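A.B. asks: fold the following, please.
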Amino acid sequence: MAIIEQQTRTIRLALPKGRMQQGVLELLRDAGIRVDIGARALRPSISLPDCDVKLLKPQNIVEMLHLGSRDIGFAGEDWVRETKADVVELLDTGLNPVRVVVAAPEVFLDEGRLAKGRVLVATEYERLTQMWIEAQGLDAKIVRTFGATEVFPPEDADCIVDNTATGSTLQAHGLKIFDELMTSTTRLYANPKALDDPARRDIAERLTMLLRSVLEARERVMIEINITAARLDALVEILPCMRVPTISRLFGDGEYAIKAAVPRADLPDLIPRIKSCGGTDIIVSQTSQIIP
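C.D. replies: Numbering: from 1, shown residues only. Prediction:
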């Protein structure tokens, strides 16, 4: 049956099932978007206007975006690369970072490489694995898996290609990582034809802006400082703000209040420098969303 053409302003959003789901739902929540899974299970409700939602496995999300039955959706870059899906990346959330790696029992390795001879490789990533096999010049056959790839060696495969966040599961099954194909994170993708429709493109762009504002806020904090007029320029010079800081005169003469959104990671070095510059009454607070 052909894919149903979009006839309304409604945009069709795919949310991931499984390990990706929690991070995506928290990102939406922090952007002020409520998702109620409740008893509706695979068809939750969402507070985003003109949006129809379905829960799918990330692999299926990539397929449905490629076919056009979903307009936008969250999936890992690994599955986009694996399927060569015709999709447009709207946003890299940085969530759920994983590596696609090659691992084998250590007894099968010779100086960190597979021993010579025919190799049996178990994986869900057939295309990526075939590219790796060809690049390595191996005599290898692929065994397609459907989850739990790590249990195949040593009896049913010589090595595996799989994704891992920490490597602990592979290690627990006696496997040693000896090569890496790529890194991947959860990203928001769109079907190109959906972006050709002004109404759906507008919804997609608004959602992307809201989510990006949350990601930006997670990396920054708001810092407020009091400083004398004589030291004002020196303090402004060292502040790593987004554009320029907000400066206002305090009650009385000769002092100013400065406010700036600065990278959270800079705080350990920045706060002592602010104090050395003469900054006082320093307040650091969390921001929810930052929209340039």
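
A.B. asks: where does the prediction get shaky in the chain?
C.D. replies: Scanning the chain with the threshold set as pLDDT under 70 gives 1-8, 39-40.

A.B. asks: quick one, domains of it?
C.D. replies: The chain breaks down into these domains under automatic domain parsing: 11-94+186-217, 98-184, 220-286.

A.B. asks: make TSV out of those domains and add mean neighbour count and distance to residue 292.
C.D. replies: To be clear about C-beta, it is placed using only N, CA and C from the backbone, and glycine gets the same treatment. Formatted as TSV, the domains of the chain follow (neighbours: other Cβ atoms under 10 Å; distance: least, Cβ to Cβ, whole Å):
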stretch	mean neighbour count	distance to residue 292
domain 11-94+186-217	18	8
domain 98-184	16	27
domain 220-286	15	7
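
A.B. asks: tell me the spacing between residue 280 and residue 185.
C.D. replies: Computed as Cβ to Cβ, to the nearest Å, the residue 280 to residue 185 distance reads 40 Å.

A.B. asks: show me what the longest strand along the chain is packed against.
C.D. replies: Longest strand in the chain, counting residues (DSSP state E): strand 88-105. Helices and strands touching strand 88-105, by 3 or more Cβ pairs under 8 Å, 6 or more residues apart in numbering; DSSP states H and E, are helix 21-30, strand 72-76, helix 77-83, strand 159-164, strand 175-190, helix 198-219.

A.B. asks: take those and lay them out in CSV including distance to residue 236.
C.D. replies: Below are the helices and strands packed on strand 88-105 laid out as CSV (distance: least, Cβ to Cβ, whole Å):
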stretch, distance to residue 236
helix 21-30, 30
strand 72-76, 40
helix 77-83, 39
strand 159-164, 45
strand 175-190, 35
helix 198-219, 21
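
A.B. asks: between those, which gets nearest to residue 41?
C.D. replies: Taking Cβ to Cβ, helix 21-30 is the member of the helices and strands packed on strand 88-105 nearest to residue 41, at 12.5 Å.

A.B. asks: what is the helix or strand that comes right after the closest one packed up against?
C.D. replies: Using DSSP states H and E, the helix or strand that follows helix 21-30 in sequence is strand 35-36. Counting by 3+ Cβ pairs under 8 Å, 6+ apart, the packing neighbours recorded for strand 35-36 are helix 21-30, strand 45-46.

A.B. asks: the helices and strands packed on strand 88-105: which one's closest to residue 45?
C.D. replies: Closest among these, once you apply Cβ to Cβ, is helix 21-30, at 12.4 Å.

A.B. asks: quick one on the thing from earlier: next, the angle from the longest strand of the chain to strand 159-164.
C.D. replies: Inter-element angle recorded for strand 88-105 and strand 159-164: 130 degrees (by axes from the mean of the first three to the mean of the last three Cα atoms, to 10 degrees).

A.B. asks: cool, thanks, talk later.
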